[in-house]
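Novice: Got a sequence here, can you build the structure:
(2 chains)
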Number of protein chains: 2
Amino acid sequence: MPDAPFADPTTADLTAMDPTAMDPTTADPTTADLTTADLTTADLHGSLEDPALTSMNFLNEVTSRFPEALSFAPGRPVEHFFDLESVHHRLRTFSRHLAEERGLSDEEVRRTLCQYGRTKGIVHELVARHLARDHGLTVDPEAVVITVGCQEAMFLVLRALRASERDVLLSVSPMYVGLTGAARLVDLPVLPVAAGSAGIDLDDLTATIRAARAQGLRPRACYVMPDFANPSGLSIDLTQRRALLALAERESILLLEDNPYGVFHGGDGTPPTLKALDTTRRVVHLGSFAKTVLPGARVGYAVADQRVATADGGSGLFADQLSKIKSMVTVNTSPIAQAVVGGALLEHDFSLERANAREREIYRDNLDRVLAGLRSRFGGHPGITWSVPTGGFFVCVTVPFTVDDALLEHSARRHGVLWTPMSHFYSAAGGTNSLRLSVSSLTGPAIDDGLDRLAALFAEQGC
Amino acid sequence: MPDAPFADPTTADLTAMDPTAMDPTTADPTTADLTTADLTTADLHGSLEDPALTSMNFLNEVTSRFPEALSFAPGRPVEHFFDLESVHHRLRTFSRHLAEERGLSDEEVRRTLCQYGRTKGIVHELVARHLARDHGLTVDPEAVVITVGCQEAMFLVLRALRASERDVLLSVSPMYVGLTGAARLVDLPVLPVAAGSAGIDLDDLTATIRAARAQGLRPRACYVMPDFANPSGLSIDLTQRRALLALAERESILLLEDNPYGVFHGGDGTPPTLKALDTTRRVVHLGSFAKTVLPGARVGYAVADQRVATADGGSGLFADQLSKIKSMVTVNTSPIAQAVVGGALLEHDFSLERANAREREIYRDNLDRVLAGLRSRFGGHPGITWSVPTGGFFVCVTVPFTVDDALLEHSARRHGVLWTPMSHFYSAAGGTNSLRLSVSSLTGPAIDDGLDRLAALFAEQGC
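Specialist: The predicted structure is shown next:
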């Protein structure tokens, strides 16, 4: 799943990233003739003034104003190995696959890549082989919907599940802003569930479900990132995974499992995914290729093998219902973008675990360096603690002073270091004493330099 | 805008298009163990049983069962000039543009194409130059949102405009199914407005707006395709365009102008777009590159220069509100897909009018041949009439017998010819005596053969 806030270089790294940033012709709408507004957000959908959508704008905006700051903010993958020739190569690999392994004629290959395409996608078979190879997951390729990034997969599932005002979603809190935002777009409230130390507090989940039902609400699903969650960094162990599945069965809810960081473990692997343990089709599995193949392809997927009874007495896969929604949102995912991902899967014999050996090592080294740096700077300080994940992108630091947007802005201006206030990951109050550090962006000595700047900020706050 | 029903080769041309069609491992979910369903559509969002979403499935399904039939159904562009090498070439052209004209370093070029990107897109400047070149349209590039096809642009605008249950949309009827479907996803009713002979009946539009207001509803916008509309083929002349803009101003509604077929005129050009005539920011202009560059890129855009006052007392462009929504739907449009479109714009000096000279000629020849074929077969028949558009993809034929899905299925099975029942383009009852023929798919003698088959069907129905 894409880490949209701060990962979005709309304005982050503006001078480097945005080819239009140098263009002088762009008018500043805020200073243009504004005698009357044409519209007001009060007349537009409520999501547009929702913290989930506005906080991302704020975070990007701060980042854009301080392009020179060292940044622990973005959840973007490392850029060391980006290579445009490999994009061309993967396109050719996938075309050859269509011709040689699928037996398509040249004309059919061209049509498959250039024409409107199958709504559920054209790399679903390859994704199924990847899931079998890397995650021990046997899925019907027809249950796979290829999407424009994991964000669209999330959106499609939430749109399908939100049938009435009674419906609510549950999510481990702190929670990914992209989830909250997508839920807000379909007017689906998200009830927070405590993470505890196990990654999810099952007692709290049960209590939250029952309390919601007592209020006449209908809990549909619980969103969870079992491996190295964004933003907490927490993972759920095998015992808790099994217990969570049993709870979902008992309480008749779905689990929406999002797994963008599982490949980036510390070396010891991860427990089986919820979907691999799911024997009763309780889990919709969401996936992203943004971190494992290429963010610029914007390809993700949902595995939705639930059986759905339709009004005409028929039945089909939940994937086909998601497909109907997708046909009205994006029609289909660019087959060219899909081919880039398909080519990568073919070139790596379907193992992104193997393909990401170098990246995994970089993230692990970065994580080690950040954790060591925190220890050497703040170890033993009574008021400063941090999570110690064994993989993934994120470390959370808790401090004895208030962490808010104003402090972030001050940190950027005065100390030249960026991070993310944890309050952005809470649907209600919360996170006002902690911040998220991403280990995917800075490497080597820049990490130490960044932590020195963070220490200067903390010192200024009395630590 | 993509012509999703029938244009979507989910199943259309299955053996040729879908590399998975040959795969025997795909289980048939309808015959699988179905002792209990996991979900029912009654518990899912209402759109999933809506005609707009289910009719597309039906149409695709019929097409898939009769792959050998001659098809006047799809709104897909001709495939004669699809060329994978040109995809590679355009990617390189755009990369070179970033380096040489924008001054980006190699690293910055790689990052622009491979990393998460600007939510509003990276080819907005090029799109603005194209709009100036081909449509005499001067737009602020910051008011352009690059989207995953025009379908996403439509979805974002409708999501933004639907604030409460009072909101309604207006659309010329018969109307594009992709519009109806997107509106349904955000629970936005669409009130039909008569097309009349002018492409839009302004008296009916005024009456519909006022009747809606009298019921306490809030008409937000009217969707219109001024050039060679899908499905009617009708165009709106300059006088009516000016009158429509005046009406929008008077009644305080927006106009959503969709323009997928304007480039495919018969040789005499088209009147200025509504957006080119718009002096008071009443028009949101929607565009697609699916017909003019490549369907497989899935790139479209919205021009949304309306000024929006925000709750914090600030203001900005409507494009930036759409961008906030997009960040929660697809995050950003694949920069690789955008680069393919950007490269094409650069290679053709920003004129898709010029780039599509060959395609325009093919569609015009096809249209002439279809119209001549209808004249020679049905000319003078008292009960059979048809529209005579001067461009675009679509001809509507009205007949003295009932045209429904059952007749389409019979036509495919018995006569080997496919077309689209017009009833699919009506939100309420309507279109039960007419059918849509697309001229974008069959060429030359295949058109005559297809019309012979259609004549056999008509004869069987007593004509």
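Novice: how is chain A carved up into domains?
Specialist: Domain assignment for chain A, taken from automatic domain parsing, gives A:4-15+A:43-80+A:356-460, A:106-354.
Novice: Out of these, flag the one nearest residue B:72.
Specialist: Across the domains of chain A, residue B:72 has its closest neighbour in domain A:106-354 (16.5 Å, CB to CB). Heads up, the C-betas are built off the backbone N, CA and C, glycines and all.
Novice: Would you mind measuring the gap between the ends of that closest one?
Specialist: With CA to CA, to the nearest Å as the measure, domain A:106-354 spans 32 Å from end to end.
Novice: contacts for stretch A:368-376?
Specialist: A:72, A:386, A:388, A:395, A:397, A:437, A:439, A:444, A:447-448, A:451 (CB atoms under 8 Å, 6 or more residues apart in numbering or on different chains).
Novice: try it again with 6 Å
Specialist: For stretch A:368-376, the external contacting residues (CB atoms under 6 Å, 6 or more residues apart in numbering or on different chains) are A:386, A:395, A:439, A:447-448, A:451.
Novice: Which one of these is nearest to residue B:430?
Specialist: Nearest member of those to residue B:430, counting by CB to CB, is residue A:439, at 59.1 Å.
Novice: on that earlier part again, distance to chain B and neighbour count for the contacts of stretch A:368-376 - can I get that in TSV?
Specialist: Shown next, in TSV, are these (distance: CB to the nearest CB, whole Å; neighbours: other CB atoms under 10 Å in any protein chain shown):
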residue	distance to chain B	neighbour count
A:386	26	19
A:395	21	24
A:439	17	28
A:447	20	23
A:448	23	16
A:451	24	24
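Novice: Could you point out which of those is nearest to residue A:125?
Specialist: residue A:439 (34.1 Å).
Novice: In contact with the closest one, which residues?
Specialist: A:366-367, A:370, A:393 are the contacts of residue A:439 under CB under 6 Å, 6+ apart.
Novice: Quick check: residues of the stretch 201-350 of chain A near chain B?
Specialist: By CB under 6 Å from any CB of the partner chain, the part of the stretch 201-350 of chain A that sits against chain B consists of A:281, A:294-298, A:306-311, A:315-317, A:321, A:324, A:327-331, A:334-337.
Novice: So which of those sit within helices?
Specialist: Within these, residues falling in helices by DSSP state H are A:321, A:324, A:335-337.
Novice: Greatest separation within those residues: which pair is it?
Specialist: A:321 and A:336 (26.4 Å).
Novice: Give me the helix or strand of chain A that scores worst on average pLDDT.
Specialist: Lowest by mean pLDDT, DSSP states H and E among the helices and strands of chain A is helix A:14-17, with a mean of 30.
Novice: What is the subsequent helix or strand relative to it?
Specialist: strand A:39-40 (DSSP states H and E).
Novice: ok, then the element right after that following strand?
Specialist: Assigned by DSSP H and E, the successor of strand A:39-40 is helix A:51-65.
Novice: helices or strands up against that following helix?
Specialist: Counting contacts by 3 or more CB pairs under 6 Å, 6 or more residues apart in numbering or on different chains; DSSP states H and E, helix A:51-65 is packed against helix A:4-7, helix A:177-185.
Novice: For residue A:191, give the beta-bridge partners.
Specialist: residue A:170 (DSSP bridges).
Novice: Show the contacting residues for it.
Specialist: A:168, A:170, A:208.
Novice: Could you check how far it is from chain B?
Specialist: Relative to chain B, residue A:191 is positioned 18 Å away (CB to the nearest CB, to the nearest Å).
Novice: cool, and residue A:115?
Specialist: 5 Å.
Novice: got a pLDDT number for that residue?
Specialist: We note a pLDDT of 94 for residue A:115 in this prediction.
Novice: cool, the one 3 residues further on as well?
Specialist: If you check residue A:118, the pLDDT there is 93.
Novice: Repeat that for residue A:34.
Specialist: Per-residue pLDDT puts residue A:34 at 41.
Novice: Next: residue A:131.
Specialist: Looking at residue A:131, the pLDDT reads 97.
Novice: Looking at the contacts of residue A:191, spot the one nearest residue B:252.
Specialist: residue A:168 (35.9 Å).
Novice: Near the closest one, how many other residues are there?
Specialist: 22 (other CB atoms under 10 Å in any protein chain shown).
Novice: about what we covered before: now the contacts of stretch A:368-376 as TSV including secondary structure, distance to residue B:285 and pLDDT?
Specialist: Output for those, formatted as TSV (DSSP: H, G, I helix; E, B strand; the rest coil; distance: CB to CB, whole Å; pLDDT from 0 to 100):
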residue	secondary structure	distance to residue B:285	pLDDT
A:386	strand	50	96
A:395	strand	46	97
A:439	coil	43	96
A:447	helix	47	98
A:448	helix	51	98
A:451	helix	49	98
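Novice: From the residues you listed, pick the one nearest residue B:136.
Specialist: Checking these against residue B:136 with CB to CB, the nearest one is residue A:439 at 50.9 Å.
Novice: interface residues of the stretch 351-463 of chain A facing chain B?
Specialist: So the stretch 351-463 of chain A never meets chain B (CB under 6 Å from any CB).
Novice: how about the helices in the stretch 351-463 of chain A?
Specialist: With DSSP state H, counting those that start in this stretch as the criterion, the stretch 351-463 of chain A has helices at A:352-355, A:357-378, A:405-410, A:445-460.
Novice: Also the stretch 51-200 of chain A?
Specialist: Going by DSSP H, counting those that start in this stretch, the stretch 51-200 of chain A shows helices at A:51-65, A:84-100, A:106-114, A:124-135, A:149-161, A:177-185.
Novice: Could you point out which of the ones you listed sits nearest residue B:123?
Specialist: Across the helices of the stretch 51-200 of chain A, closest to residue B:123 is helix A:84-100 (CB to CB), at 16.5 Å.
Novice: Point out the other helices and strands that that closest one packs with.
Specialist: helix A:106-114, helix A:335-347.
Novice: buried stuff in the last one?
Specialist: So that's helix A:335-347. Across helix A:335-347, burial judged by 16 or more other CB atoms under 10 Å in any protein chain shown covers A:335-346.
Novice: Does residue A:219 lie in a helix or a strand, and which?
Specialist: Going by DSSP H and E, residue A:219 is in strand A:218-224.
Novice: contact partners of that strand?
Specialist: A:161, A:166-172, A:179, A:209, A:212, A:253-256.
Novice: Can you tell me what sits against the next helix or strand after that strand?
Specialist: Remark: after strand A:218-224, the chain's next helix or strand is helix A:238-251, criterion DSSP H and E. Outside helix A:238-251, the residues that touch it by CB under 6 Å, 6+ apart are A:198, A:202, A:209, A:255, A:271, A:274, A:277, A:280, A:282.
Novice: quick one: average confidence on stretch A:141-158?
Specialist: 98.
Novice: Just the terminal-to-terminal distance for that stretch.
Specialist: End residues of stretch A:141-158 are separated by 21 Å (CA to CA).
Novice: neighbouring contacts of that stretch?
Specialist: Counting by CB under 6 Å, 6+ apart, A:1-2, A:120-121, A:123-125, A:127-128, A:178, A:182-183, A:186, A:188, A:284, A:286, A:288, A:298, A:300-305, A:317, A:319, A:322-323, A:325-326, A:330, A:333, B:26, B:148, B:329-331 sit against stretch A:141-158.
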